[in-house]
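Trainee: Predicted model follows, preceded by the sequence.
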Amino acid sequence: MRLMISVLLATASLLSPLSAFAGSGDVEGTIRSVNVEGMTLQLDDGKTYDVPAEFNFDGLESGQKVIVFYTEVDGKRVVEDLELIQ
């Protein structure tokens with residue numbers, strides 16, 4: 001019985017698609033560019049961050065310091081939250 005449970009748990013962990021393909025993180029940086037049409041932000045680290053459709057770009061401009069909380073899905077960094085640093 002223990003062996004069967006172990007095999008089932010191992011199989012479930014291998015088949016979990018989100019654990020293998022999604023990662024989350026945060027980064028502090030300065031906005032290099034804001035692309036409203038392309039729905040992206042680029043930071044001074046050279047990386048581009050996609051934003052969701054409901055994202056509000058009001059008040060964001062190049063040169064602002066921010067903390068970006070993101071999830072990486074299929075090689076793209078998708079912004080979950082953004083905090084301005086004063």
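Mentor: Received the coordinates, thanks.

Trainee: can we go C-alpha only for contacts and neighbour counts from here?
Mentor: Noted.

Trainee: Show me the strands in this protein, by range?
Mentor: Under the criterion DSSP state E, the chain contains strands at 22-35, 40-43, 48-50, 65-73, 76-84.

Trainee: Could you list the buried residues of the second one?
Mentor: By neighbour count with 16 or more other CA atoms under 10 Å, strand 40-43 contains the buried residues 40-43.

Trainee: hmm, who's touching that strand?
Mentor: Taking contacts as CA atoms under 8 Å, 6 or more residues apart in numbering, the residues outside strand 40-43 that touch it are 29-35, 48-51.

Trainee: Could you tell me which strands it is paired with, and in which direction each runs?
Mentor: The strands that strand 40-43 pairs with in its sheet are strand 22-35 (antiparallel), strand 48-50 (antiparallel) (by DSSP bridges).

Trainee: Which one, of the ones you listed, ends up nearest to Gly63?
Mentor: Relative to Gly63, the nearest member of the strands paired with strand 40-43 by CA to CA is strand 22-35, separated by 5.3 Å.

Trainee: before we move on, back to that, mind checking which of the strands of the chain is nearest Asn56?
Mentor: If you check each of the strands of the chain against Asn56 by CA to CA, strand 76-84 wins as the nearest, at 10.4 Å.

Trainee: Just want the angle from that closest one to strand 22-35.
Mentor: In this structure, strand 76-84 runs at an angle of 70 degrees to strand 22-35, with axes from the mean of the first three to the mean of the last three CA atoms, to 10 degrees as the basis.
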